[in-house]
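Participant: below is the sequence, then the predicted model.
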Amino acid sequence: MKNYNILAVMVSILLISACGIKEPSQSSLQMLEEEVMAIHDSVMPDMPKIHYQKEALVDWSKSEEFEDLDSTDRQNIASAIRALKKAEDAMWDWMSDYADESEEMKGSDDSLMNVFLLRQKSEIIRVRDMMLSSMSAADSLFNTQNQ
Amino acid sequence: MKYILLPIAMMAILSACVEEERQLPIYGEVDIVEGDTIYHTIRDFTFMDQDSQIITNETFADHIYIADFFFTTCPTICPKVKQQLIRVRDAFPDEGRLKFLSHSIDTRRDSVPTLRKFADKLNISSDRWHLVTGDKKDLYDIAEDYFSIAKEDPNAPGGYDHSGYIILVDKNRHIRAYCDGTDPDKVDAFMKDIQKLIDEIDEG
């Protein structure tokens, strides 16, 4: 019986080590980091666009033309301004947090680094989506303005 | 007689070509006003640098300067550009007529003390190199002004604040050269342009 117990423990250890999470390799970590940065770089050039869209909407909201709009249109403009600001702030916050946290992560083992980068990837995807949707909403409003 | 004139004419053409190559172009929109050519000129600006000094166009009077846009938490492009700009500074160590103007576009975080800390980290002295901050609108607007080159050059960058481009401005506030500041080969060529502009000053 005792031998069966020892055997069961050994088999369990073997199974866990065979099926358990593998240590990520350096190259896969590098690829993951590059992926995070590529997502960031894909939308970072749009930051001036967000700024100018926000400025144009604020100008619109202060114009006489705005007074003639119905309440739904006014609310849409106000929420578009808020969404642009939120998206812009989210990108600045992400970059600042990334700079601080990656400094703290220096010297961490590969599995921790992998978790960190995966979290950063999901965060920057969230920021990218906020930027794209807020710019798209603003574009739609400008289109209706020009009609 | 015509045999003497021929070599003289050829020499004149050759020297004109050399002159052409030596002179850097002036970038940006051009207006013709009453027969005079008006080149694009960098607008007036007022910012504050890492040592709390007020920086205006006057700071660069009688100087040529390199302008760029960055922010201290930038994870990708800006560190590469700063590395190349340091290389440029070090290639012209005693050239007092060459200055640097780096605009931070992160007005929330890049305060004067943060810029100072960043300058110290990179051994940047405000004698030659100003890291500036200011009103966000002013910074975006001045970036638009520098990157007016984009209107005529399809290869010029969009999203200028994260393009990594560096811009050479002469003492008359005209843009005379620009390049991708992340690319060491292009920065090598840019350094030759800087030298040409310095030569232009020397020649009066």
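Facilitator: All right, it came through fine.

Participant: low pLDDT regions in chain A?
Facilitator: Low-confidence segments of chain A (pLDDT under 70): A:1-23.

Participant: so which residue of it comes closest to chain B?
Facilitator: Relative to chain B, the nearest point of chain A is A:Pro45 (2.1 Å; C-beta to the nearest C-beta). (Each C-beta comes from the backbone N, C-alpha and C, glycine too.)

Participant: sec struct for that residue, please.
Facilitator: Here A:Pro45 is recorded as helix under DSSP: H, G, I helix; E, B strand; the rest coil.

Participant: ditto for A:Leu69
Facilitator: Following three-state DSSP, the label given to A:Leu69 is coil.

Participant: what comes up buried for the top helix by length along chain A?
Facilitator: The helix spanning the most residues in chain A, taking DSSP state H as the definition, is helix A:110-146. Residues A:113-114, A:116-117, A:120-121, A:123-124, A:127-128, A:130-131, A:134-135, A:137-138, A:141 are the ones in helix A:110-146 that count as buried (16 or more other C-beta atoms under 10 Å in any protein chain shown).

Participant: centre of the chain to it, how far?
Facilitator: 5 Å (C-alpha atoms, centre = their mean, to the nearest Å).

Participant: tell me if the helix or strand containing A:Ala38 is near chain B.
Facilitator: Using DSSP states H and E, A:Ala38 sits within helix A:26-43. Yes. Judged by C-beta under 8 Å from any C-beta of the partner chain, helix A:26-43 comes into contact with chain B through A:Met37, A:His40, A:Asp41.

Participant: filter those residues to the buried ones?
Facilitator: The buried subset of the residues of helix A:26-43 next to chain B (16+ other C-beta under 10 Å) comprises A:Met37, A:His40.

Participant: which of the residues of helix A:26-43 next to chain B lies closest to B:Gln83?
Facilitator: The closest of the residues of helix A:26-43 next to chain B to B:Gln83 turns out to be A:Met37 (C-beta to C-beta; 16.4 Å).

Participant: so the closest one touches B:Ile77, yeah?
Facilitator: No. A:Met37 is beyond contact range of B:Ile77, at 9.6 Å (criterion: C-beta atoms under 8 Å).

Participant: format the residues of helix A:26-43 next to chain B as JSON lines; extra columns: distance to B:Arg89.
Facilitator: Formatted as JSON lines, the residues of helix A:26-43 next to chain B follow (distance: C-beta to C-beta, whole Å):
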{"residue": "A:Met37", "distance to B:Arg89": "26"}
{"residue": "A:His40", "distance to B:Arg89": "28"}
{"residue": "A:Asp41", "distance to B:Arg89": "26"}
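
Participant: give me the neighbour count for the residue lying closest to A:Ser134 once chain neighbours are set aside.
Facilitator: Take A:Ser134 and drop its neighbours on the chain: the residue closest to it by C-beta to C-beta, 6 or more residues apart in numbering or on different chains is A:Ala83, 3.9 Å away. For A:Ala83, the neighbour count with other C-beta atoms under 10 Å in any protein chain shown is 20.

Participant: cool, thanks, signing off.
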